[in-house]
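Engineer: how would this look folded up:
(chains A and B)
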Amino acid sequence: MRTRVLVLSVGLTVAAAAAPKPVDFAREIRPLLSDNCFGCHGPDSGTRMAGLRLDRKEDAFAARRRGAAIVPGNVQSSLLFQRISDTSDARRMPPPNSHKVLTPDQIATLRRWIEGGAPWQEHWAFKAPVRPKLPVVKAAAWGTSPIDKFILARLEAEGLMAAPTAEKRTLLRRVALDLTGLPPTPAEIETYLADKSPQSYERMVDRYLASPHFGEHRARYWLDVARYGDTHGIHIDNYRQIWPYRDWVIRAFNSNMHFDEFTIEQLAGDLLPNATLDQKIATGFHRCNVTTSEGGAIDDEYYEIYAKDRADTTGAAWLGLTVGCATCHDHKFDPILQKDFYALGAFFRNTPQRAMDGNVSDTPPFLFVPADEDREAHDKLLAKVGSLRADMRGSRDAAFPRFQKWLADGGQMPAEPLGKGVTRERMEKLDASKPFSVSARFTAPDKFTRGIELASHKISKEKNRGWQLDFNNKGILAFRLVGDDGKSVEVRTIDPIEPGKSTHVVATWDGSRRQAGLRLFLNGNEVIAQGRNSESQDLVGSISVEGKPNIHASVSNFRMVNREVTESEIAILGGDGLTWYLVNNDEAFKKLVEAQDKLNESVHEIVARGSITLVMQERTDQTPYANLLFRGAYDQKRQRVEAATPSVLPPMATNQPRNRLGFARWLFAPEHPLTARVAVNRMWQEVFGVGLVKTADDFGSQGEPPSHPELLDWLAVDFAENGWDVKRFYRQLLLSSTYRQSAAVTPAKQAKDPENRLLSRAPRFRLDGEVVRDYVLAASGLLSRQIGGPSVRPYQPEGVWEAVAMNGSNTRFYKRDNGDSLYRRSMYTFWKRSAPPASMDIFNAPSRESCAVRRERTNTPLQALVTMNDEQFFEAARYLAQSVMSGTAEFVARMDAMATRVLSRPLSVAEAPVVRKAFDDYLQHYAKNPADARKLLRIGVRSADPSLPQAELAAYTMVANQLFNLDEALNK
Amino acid sequence: MRLQPDAEGHYLREAHELDRGSLRAHAPGTHPLDSIAAGMSVEESRRRFFGRGMRGIGAVALAHLFGDNVHAEAPPVLPHFAPKAKRCIYLHLVGSPPQQETFDYKPKMEQWFDKDLPESIRQGQRLTTMTSGQTRFPIVPSKFGFAQHGKSGAWISELLPYTAKMADDIAIIRSMNTDAINHEPAITFFQTGFMIAGRPCIGSWLSYGLGSMNQDLPTFVVLQAKHNHPKANVQAISARLWSAGFLSGQYSGVSLRSSGDPVLFINNPSGVPTPVRRRMLDALGQMNELTYQKLADPETKTRIAQYEMAFRMQSSVPDLVDLSKEPESTWKAYGPEAKTSGSFAQTCLMARRLAERGVRFVQVYHRGWDVHGNLPEVLPSQCKEIDQPCYALIQDLKQRGMLDDTLVIVAGEFGRTIYCQGKLQRDDYGRDHHPRCFSLWMAGGGIKGGVVHGETDEFSYNITRDPVHVRDFQATIMHLFGINHEKFTYKYQGLDMRLTGVEKAEVVKAILA
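Structural biologist: Residues are numbered from 1 along each chain as shown, chains lettered A, B, ... in the order given. Next up is the predicted model:
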């Protein structure tokens, strides 16, 4: 004890009085030069003054006309020093217009550095990490992991000691929160407390690592990086379907996909040989960027914006570099040229994706994703359909001579080849709730100059009620039904139809009144059509019409059938008679047809159950390239650059393709200095609250230098050498003694380590907004533990969406869900980008409009209002109250149960009377004011248990509300 | 109790310093907020702790109110010089009114009706894709008359009779120009100095730099006013427009809503009356105090204080939105619409009440100005909605002696084309987006009244005198608040970011009082 006190009290004075420490270039000099000088004397050749460059040793030390900027050991001859210490305002650097001023301390530091020989190191982050030796520590007995040696060495150097190990319940709660984002259940608490073996902690960590909620919790962090959202983001901000990507991320973490694979699949899964469905879904990462379809927007401008977003995101997520700073000019601080920025962006712009998202949920390129349980069946069905088609082709070829003879003998397909179709006269009897199909053959014009209505039947005075088959001035074919309210459901092709060709089109309607009930077939094949999964309103009212339909002159062979036609019927309708002939004259062929129709029915059922997800796709008609833009302006195109990695980093291997796949693999080249460091730093940040490099998205020279550089390198090397094993990495962090410390602060620690950057105690910080909500749901027992699926709409105050939305947006009105959807984990809450979920927003969730590598954590009264008053939180409090009341009859036991659910521990001796007194007061109020109790118990969708005494339930609800608002409950 | 800045306007700097100092270096049991948990008011506790007058006391609370991030970068020393404006009411007309029908009188255009815009005027300038496909660009003169008003002789449209009455109170800029041609990027550019979302908006910059002037309301409040005309073309706005970008989230705008809870979650759940909430907070505070005794985490103390602030807000917000005590003269001044919840008129009244209570920045969005078509039908309705309320707001502020230090801005995000979009008729026409010139007006807070600044050519297409770029406009706002826009920076991604960006921006001296 005596020693400790000495260290503490002397530590402070020693630091002030001892001889100056040697200057650390990386920590003290480079940041100083970077911040004050690089703006004009750095990597950007465009704004470099006097031809002087101070970011590279060879330039900074080079002989110039009047000497060298830096002369090691000689302050007086160093031009740099002369200029920064010049007494003339006009000559002194930095100049006044830079608004930068060097303090006397900073000048003194530069002086000491030059006097000490001006030792220079390249920026640490651009050198590949080497596994450092473990430091020697005095308290050698402390620590369970190599991590602890690094932490302790630094603590000892600062005259601090590690904190004692935290209590078992505290540790359990901490681990559960870090690995699953949920508090431990009473059963989990019991299991852990009962395990008295020395391995109990390790085993507990392993249990949570194996939990399916592990993947959810990790995914939540990653989705900030991926800027995942459920709407397009800009302007109309309509629904976008990409949640299968979100579920892919969860699965990837749960199956412990290693970080290299995790990266490569997201950046280039579609380019892998024999890419699987999952690998393609993974590429949704770069389809999460915000897009627009604002009327008047200019395509070229948005192509640039999307490319920049993808380059910025990739830079922040994997390279820890602010590459976007080189959009308009060479980077001011880091050796990233403007050319590097465009060359990096080039990897991600070689895509058929158009600039305008079309305000549809399925902006191409996209992918159909069968429901999990259908995946296998879907694959098998498609294979069977394929082989049946081949058989049918064989039969057709074989029968062709017979068919020709039949034709020559006067054979003819009847006018209504399908028999009982609908005649034109009866068309007005059409019912929107019943299926029908239209079939037409037409010749497309040689050039699309204007839109043409191929066939339509509508009443203009009834808001165009009816239906219409048309193509627009770009050759996009569409079929739409218009209901009583003038609103339509429609389906349209992604690509234009072929100009100048005879084309057969069939559109079918299943009578479901839903957008998804429309299908489109071109020349016998179903086309991947847009709009089927949009959130548009269902068809309203009738589509009944009068009179005759309008058929355009270019259409021949128009037919209508009062059911959804099958693939083989489409072949008949669009064909020259061969299929009809075979179906009616060849029993074997007829069987094939029947088998095919049956299979197609099954396929269609699967499609109806499945979903769409947006993916990346590579253009094959060109290699990835970009044009440099003068000052970043989209209409100022300059030289062409091929896709390439930044020149300051090791080059791509020559045997790798120059596309996204080559790029993704390059990130994992053994000599790569950044990927591993950036990844381990981000994971560290999740657990310890702040990264070893605090600026987790900026490892460049303006970023903050690492607090523990050796530890960062050790972790990075260890991570890569162990195959980028993610679960192993978290396990390693959580098993360290550093992690297992108590969070208690001492005055000395508060003075020397106020932000806990030295880890002189356990990390303690406010939970993220999603966790705050999930925590309350889990502790109350309301939480639905279903994993994945479409996003949900839980409680949200009225008008949050409407206040900002466009009239035409399909996310204008927030329609709250019911049932379990109210109690899903927050990561499944529908994320409208122009109005993020209100309670998450208040708790610092990013808007998901751009990549966010770290969140800030504020502490505000608005947050208090959420956790006290939000219907979601208050209902959970009541549900918890009800649950403990039903469990046991006695106050103390009830409070122990409640505290265990909320705090993972019973109430302390000091707390119990505080709670008791408050409870008594609440009870008194609600006993006297039964109307208040009744009102309180009506909050939320779940009804309160009527068998419980109302005043008491209301009082317990207030106690639960009180516990949920405790600092302890809101903090890790 | 409202805090007033001292003669040098320096209280805010001290607020932040005290705040941070106190949070970092106290020992358990001596924290300034200890006494709050013991039921003492914030004022009392602060006074006791600092042992000094109001300057220090309220200031600490201010820094806390909308959040405290102990580890955030300390705000700069502001203001740089004596400010003229202490608060701002910024009325943004989303969609952009046409300058031709409001402030930029172009009588010669009468003779140009349905004639093509000369190429010598357009000079190949880019157009939106809504009209770039048009084969002709027929000129359409304003359907509405103009007259000169006030001592300045400003030309003002007949659609704005009330505005015309106060011509000598306002400064009209007719030579605004911007870089953006579509709404999303243009509004974002106006608000944040950058066309892509992600940077702080003006209100956030000022909240960050100057802090709060009250103890129970946000520093920066956003209001959305409803418009009435069913044919009005509505543009999107979004939370990103009042986001703090890379600044701490505590500087984001807080929406004050006209329906539902005025501030999200401000109301206790039904069945929880104030005394029960108070009782709960007392017990909560006691338990949090026990946590603090155990772990000594200063954030716990901050949390205790934030819950108390939340409680105070719960009583001050209802008072704010309770308009029942406004005298008849108010309703008369703001016009018949003022009684309608969420109307522009009521929003103006609410803006005045906020300004009165020390809210520094009130941002109002009023939509429906995007007159691509139906202009002669929609525009009079839009103008009528804002005209009398704007006049009332200025007079109201003047009567209360607040106009001198309250800056009022009325502006869209760009201008509109002199040529017609779609089919041109005498009585029916529309105008597309036009970034190269447009008009706005400002008043109060150091703005010289009765000024008309800048001039455009006879087509209202190009600027011929005194161009004012959006950046200049932003620099001018900063200047009025005593801030040198070049020096007011925040380090982000290694760069010294500022509202006006890297390109040159000049304060518009001609409109300063």
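Engineer: From the centre of the chain, give me the residue that's furthest out.
Structural biologist: If you meant another chain, say so; for now it's chain A. When distances are taken from the C-alpha mean of chain A, A:Asp409 lies farthest, 65.4 Å away, according to CA atoms, centre = their mean.
Engineer: You answered for a different chain; I wanted chain B.
Structural biologist: The centre of chain B is farthest from one residue, B:Lys294, which by CA atoms, centre = their mean lies 44.2 Å away.
Engineer: Which strands and helices lie in contact with the helix or strand where that residue lies?
Structural biologist: If you go by DSSP states H and E, B:Lys294 is part of helix B:274-295. Contact here means 3 or more CB pairs under 8 Å, 6 or more residues apart in numbering or on different chains; DSSP states H and E; on that basis helix B:274-295 packs against helix A:911-928, helix A:950-964, helix A:967-970, helix B:34-37, helix B:298-321. Every residue, glycine included, has its C-beta placed from N, CA and C.
Engineer: Need the mean per-residue confidence for the first one.
Structural biologist: In this case it means helix A:911-928. Per-region confidence: helix A:911-928 scores 98 on mean pLDDT.
Engineer: Now do the buried residues in it.
Structural biologist: If you call a residue buried by 16 or more other CB atoms under 10 Å in any protein chain shown, then helix A:911-928 has these buried ones: A:Glu911, A:Ala912, A:Val914, A:Val915, A:Arg916, A:Ala918, A:Phe919, A:Asp921, A:Tyr922, A:Leu923, A:His925, A:Tyr926.
Engineer: ok, residues contacting that helix?
Structural biologist: A:891-892, A:895, A:907, A:932-933, A:936, A:950-952, A:954-956, A:958-959, A:962, B:273, B:275-276, B:279-280, B:282-283, B:286-287, B:290 (CB atoms under 8 Å, 6 or more residues apart in numbering or on different chains).
Engineer: are any of those residues buried, and which?
Structural biologist: Applying 16+ other CB under 10 Å to those flags A:895, A:907, A:932-933, A:936, A:950-952, A:954-956, A:958-959, A:962, B:276, B:279-280, B:282-283, B:286-287, B:290 as buried.
Engineer: Which residue does chain A have closest to chain B?
Structural biologist: A:Gln702 (2.3 Å; CB to the nearest CB).
Engineer: Can you give the distance of stretch A:710-729 from its chain's centre?
Structural biologist: Chain-centre distance of stretch A:710-729: 24 Å, with CA atoms, centre = their mean, to the nearest Å.
Engineer: go on, stretch B:176-187?
Structural biologist: That offset, for stretch B:176-187, works out to 17 Å (CA atoms, centre = their mean).
Engineer: Stretch B:271-289 too?
Structural biologist: Worked out by CA atoms, centre = their mean, stretch B:271-289 lies 35 Å from the chain centre.
Engineer: Could you do stretch B:300-312 as well?
Structural biologist: Computed by CA atoms, centre = their mean, the separation of stretch B:300-312 from the middle of its chain amounts to 27 Å.
Engineer: Would you enumerate the residues in contact with residue 175?
Structural biologist: Since you didn't name a chain, this refers to chain A. For A:Val175, the contacting residues are A:Met204, A:Val205, A:Tyr208, A:Leu734, by CB under 8 Å, 6+ apart.
Engineer: sorry, should have said chain B
Structural biologist: Applying CB under 8 Å, 6+ apart, the residues contacting B:Ser175 are B:Cys437, B:His453, B:Gly454, B:Glu455, B:Thr456, B:Ile463, B:Arg465, B:Asp466, B:Pro467, B:Val468.
Engineer: again, 6 Å this time
Structural biologist: The contact partners of B:Ser175, by CB atoms under 6 Å, 6 or more residues apart in numbering or on different chains, come to B:Gly454, B:Ile463, B:Asp466, B:Pro467, B:Val468.
Engineer: Ramachandran angles for it?
Structural biologist: Main-chain torsions, B:Ser175, degrees, to the nearest 10: phi -120, psi 30.
Engineer: That one and chain A: what is the separation?
Structural biologist: 23 Å (CB to the nearest CB, to the nearest Å).
Engineer: What sits closest to that residue if chain neighbours are left out?
Structural biologist: B:Gly454 (2.4 Å; CB to CB, 6 or more residues apart in numbering or on different chains).
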